[in-house]
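Engineer: my questions are about this predicted structure, shown below with the sequence.
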Amino acid sequence: MARKKALRKEEREIQVINWFAIRIQHDNDEYATCYEIARGLGLSASSHLGAILKGMEEKGSLESTALERSGRWPSRGYRLKRGTFERPKKQQTKIKLTFGRANARQLELL
């Protein structure tokens, strides 16, 4: 089996932004630790990923805060900076059903 080449720094940053975008779409806008981000990307937490996250924070695409964990060392939490990604609005449409004979439009929707 051929060995897969590692992603470049820019590609990994895009992967991190996409991971946060998926979390936002699932109504999760909380801060995530480097460990959670690594697990979400299928990686192990490393100093290289931490350096990428710090670089993204300095560029302005991420914001961070200190997370207090009970009985543990404090860690950094990261999330997308406000305004970087807007969650798509949920669309709702009403379907009008009449009983009796189904018309062609109702059959299309079902």
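Structural biologist: The structure has been received and is ready for your questions.

Engineer: after the longest helix along the chain, which helix or strand is next?
Structural biologist: When the chain is parsed with DSSP state H, its longest helix is helix 9-25. Note on helix 9-25: by DSSP states H and E, the next helix or strand toward the C-terminus is helix 34-41.

Engineer: ok, back up a step: which other helices and strands contact the longest helix of the chain?
Structural biologist: Counting contacts by 3 or more C-beta pairs under 8 Å, 6 or more residues apart in numbering; DSSP states H and E, helix 9-25 is packed against helix 34-41, helix 47-59, strand 75-80. C-beta: built from backbone N, CA, C; applies to glycine.

Engineer: okay, buried residues for it please.
Structural biologist: Neighbour counts using 16 or more other C-beta atoms under 10 Å place 12-13, 15-17, 20, 23-24 of helix 9-25 among the buried residues.

Engineer: could you redo those residues as a markdown table and give each row pLDDT and distance to residue 42?
Structural biologist: As requested, the buried residues of helix 9-25 are exported to a markdown table (pLDDT from 0 to 100; distance: C-beta to C-beta, whole Å):
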| residue | pLDDT | distance to residue 42 |
| --- | --- | --- |
| 12 | 91 | 12 |
| 13 | 91 | 16 |
| 15 | 92 | 10 |
| 16 | 92 | 12 |
| 17 | 91 | 16 |
| 20 | 91 | 15 |
| 23 | 89 | 15 |
| 24 | 85 | 19 |
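
Engineer: which one of those sits closest to residue 37?
Structural biologist: residue 16 (6.4 Å; C-beta to C-beta).

Engineer: residues contacting the closest one?
Structural biologist: 37, 41, 52-53, 56, 62 (C-beta atoms under 8 Å, 6 or more residues apart in numbering).

Engineer: send me stretch 30-37 as PDB with only the CA atoms.
Structural biologist: Extracted in PDB, the C-alpha atoms of stretch 30-37 (Å, rounded to 0.1, in the frame of the first residue of the first chain):
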ATOM      1  CA  GLU A  30     -18.100  25.900  22.000                       C
ATOM      2  CA  TYR A  31     -14.300  26.200  22.300                       C
ATOM      3  CA  ALA A  32     -12.400  23.100  21.400                       C
ATOM      4  CA  THR A  33      -9.000  22.000  22.700                       C
ATOM      5  CA  CYS A  34      -6.100  21.000  20.500                       C
ATOM      6  CA  TYR A  35      -6.800  17.400  21.500                       C
ATOM      7  CA  GLU A  36     -10.400  17.600  20.400                       C
ATOM      8  CA  ILE A  37      -9.500  19.200  17.100                       C
END
